[in-house]
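> sequence and predicted structure, then a few things I'm wondering about:
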Amino acid sequence: MLAHRVDGQEHWLRLRAAACSGPRLLVVDDTTAQRRARLVLSHEASFEPLTGLPNRATLTRRLEEAVRPGAARTGGGLLFVDLDHFKQVNDTLGHEVGDQVLRTVAARLRRAARVNDLVARLGGDEFVLLAEDVVDGDEAASLADRVRHAVEQPVWVEGRPVHVGVSVGTVLLDDCQDAAAALRVADTVMQQAKRARRGREAPTPASSARDPLRHTVSFYDDDELVVAEVADLVGGALLAGRSSVVIATPDHRSRVVALLEARGVDVSGAARDGRYLALDAQQTLDSLLVDGVPDAELFARVVGRTVRQMVDRDGGLDAYGEMVSLLWQQGDVAGALALEDLWNGLQSDLPFWLHCAYAVADALAPPDAHGLLGVCVRHSHVV
């Protein structure tokens, strides 16, 4: 039984009657330590200690259930993720740095995954993402693009960036007879992707292998998380020679710059070169509204012209925006969705990556779920 002490601590107790010749004696054994030990052993059997991700055994059980004959599912996909040149990180920077890189990659994979996806670490620098609700190859490829973009951002360790590449092999579960076959095929596809990456020159920004038409959104409950996320996005773009635009609140803009400068990224130099542009979200939003509604012509003139100039010059762009979130916070769900549609229209013509963020409390504010669903379906990936 579960009992609470007066200080609020929980204790598990076992009651038993002791045999004696006199009055019956009730013995209470405190089994809290044994129960906690069993929980620790159970956790260690299912999760690996470095990253906290499910281990190979856990993945195998889940995968076997997903591919068994008669399983109630539609589609499903498996992504085999392997870091490129990770051995060089361990050899040149040490295993402590390598461990930090693995922990960071694990966290990024969890953020890149959807709610029902399973991210597991097989061992070393190999990870697997099981997405049971992927419906076709296009959706699996889109998820693989999201994984590549998330992992290939620089990892900051002790104030310096560490760069790792990633190769991803994708297989649909409908094409696999069992769990072992699914892992084997995904591993083979990953190895083919790795050989292809090694056999060609590093892509220029204009020919980057990642899909340029990505429009992602995240929901956050901690400002520190979104600031770090934007700093990763901007820092990765600038260090890779791409441009970046941040349309955000003054607080978020200043904190992103401070974090990047602490990492040694020359944001001021990038701004002077025209590769980094920071705009105030509310002022920019106000310039787009006609009678309180986002206007397509103003959007093309104010936002589209700026984005086009930077893309034409550098061949690619990573952008972050909070204008739609401001409309949402103000209760203008229709306006937020209309602005998302304008962004999507711009992306149909230009190769750039766009990330939006909504505070969780604001996202849950509308009286029904239709607005929130509308936000999700307008993005290629939801975190």
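Yep, that arrived. Given the structure is predicted, the values throughout are model-derived calculations rather than measurements.
> end-to-end on stretch 76-91?
37 Å (C-alpha to C-alpha, to the nearest Å).
> the closest residue to A338 other than its chain neighbours: neighbouring residues, count only.
Counting by C-beta to C-beta, 6 or more residues apart in numbering, the nearest residue to A338 once its immediate chain neighbours are dropped is P294, at 5.0 Å. Where C-beta positions appear, they are placed from N, C-alpha and C, glycine not excepted. P294 has 24 neighbouring residues, counting by other C-beta atoms under 10 Å.
> can you check L118 too?
That count, for L118 with other C-beta under 10 Å as the rule, works out to 18.
> against A182, how distant is the closest residue to it other than its chain neighbours?
On the basis of C-beta to C-beta, 6+ apart, the spatially nearest residue to L118 that is not a chain neighbour turns out to be L130, at 4.3 Å. Noted for L130: a distance of 9 Å to A182, by C-beta to C-beta, to the nearest Å.
> who touches both of these two?
The overlap between the contact sets of L130 and A182 (C-beta atoms under 8 Å, 6 or more residues apart in numbering) consists of 63, 78.
> tell me, what's the model's pLDDT at F86?
Reported pLDDT at F86 in the predicted model: 88.
> verify the contact between it and V105 for me.
No - F86 is beyond contact range of V105, at 9.2 Å (criterion: C-beta atoms under 8 Å).
> now do the SS call for A182.
When classified by DSSP: H, G, I helix; E, B strand; the rest coil, A182 comes out as helix.
> ok, now which ones touch it?
A182 makes contacts with 63, 67, 78, 171, 173, 176, as judged by C-beta under 8 Å, 6+ apart.
> my guess is the fourth one meets V189, correct?
Yes - distance between V171 and V189: 6.2 Å, which falls inside the contact criterion (C-beta under 8 Å).
> so which of the two has more stuff around it?
For the pair V171 and V189, the greater number of neighbours falls to V171 (24 against 18), based on other C-beta under 10 Å.
> let me see the mean pLDDT of the helix or strand encompassing the residue nearest to L118.
L130 belongs to strand 126-131 when elements are defined using DSSP states H and E. Across strand 126-131, the average pLDDT comes to 94.
> please renumber the chain so that the first residue is 51 from this point on.
All set: I'll call the first residue 51, so the last point we hit is now strand 176-181.
> I'd like to know which elements it is packed against.
Packing contacts for strand 176-181, counted by 3 or more C-beta pairs under 8 Å, 6 or more residues apart in numbering; DSSP states H and E, involve helix 106-117, strand 127-134, helix 145-162, strand 168-173, helix 187-201.
> ok, the residue nearest to L168 - how many residues close by?
24.
> for it, what are its contacts?
Applying C-beta under 8 Å, 6+ apart as the definition, the contact partners of L180 turn out to be 109, 112-113, 116, 126-129, 167-170.
> so what does the closest residue to G174 other than its chain neighbours have for phi and psi?
Residue nearest to G174 in three dimensions, not counting chain neighbours: F136, with 7.8 Å by C-beta to C-beta, 6+ apart. The phi and psi torsions at F136 (degrees, to the nearest 10) take the values phi -70, psi -30.
> for F136, give me its contacts.
148, 151, 174-175, 214.
> ok, H302 next?
Contacts of H302 were listed using C-beta under 8 Å, 6+ apart, and they are 273, 276-277, 280, 296, 372.
> make a markdown table out of the residues you listed and add secondary structure, pLDDT and distance to F97.
Written out in a markdown table, the entries for the contacts of H302 read as follows (DSSP: H, G, I helix; E, B strand; the rest coil; pLDDT from 0 to 100; distance: C-beta to C-beta, whole Å):
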| residue | secondary structure | pLDDT | distance to F97 |
| --- | --- | --- | --- |
| D273 | helix | 81 | 29 |
| V276 | helix | 83 | 27 |
| V277 | helix | 88 | 28 |
| V280 | helix | 87 | 30 |
| V296 | strand | 94 | 36 |
| E372 | coil | 90 | 35 |
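> PyMOL command for the buried members of those?
A single PyMOL command selects the buried members of the contacts of H302 (16 or more other C-beta atoms under 10 Å):
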select buried, resi 276+277+280+296+372
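> and the two most separated of the contacts of H302?
The two members of the contacts of H302 with the most space between them (C-beta to C-beta) are D273 and V296, at 14.8 Å.
> what about V212, neighbour count?
One way to gauge burial is a neighbour count; for V212, by other C-beta under 10 Å, it gives 17.
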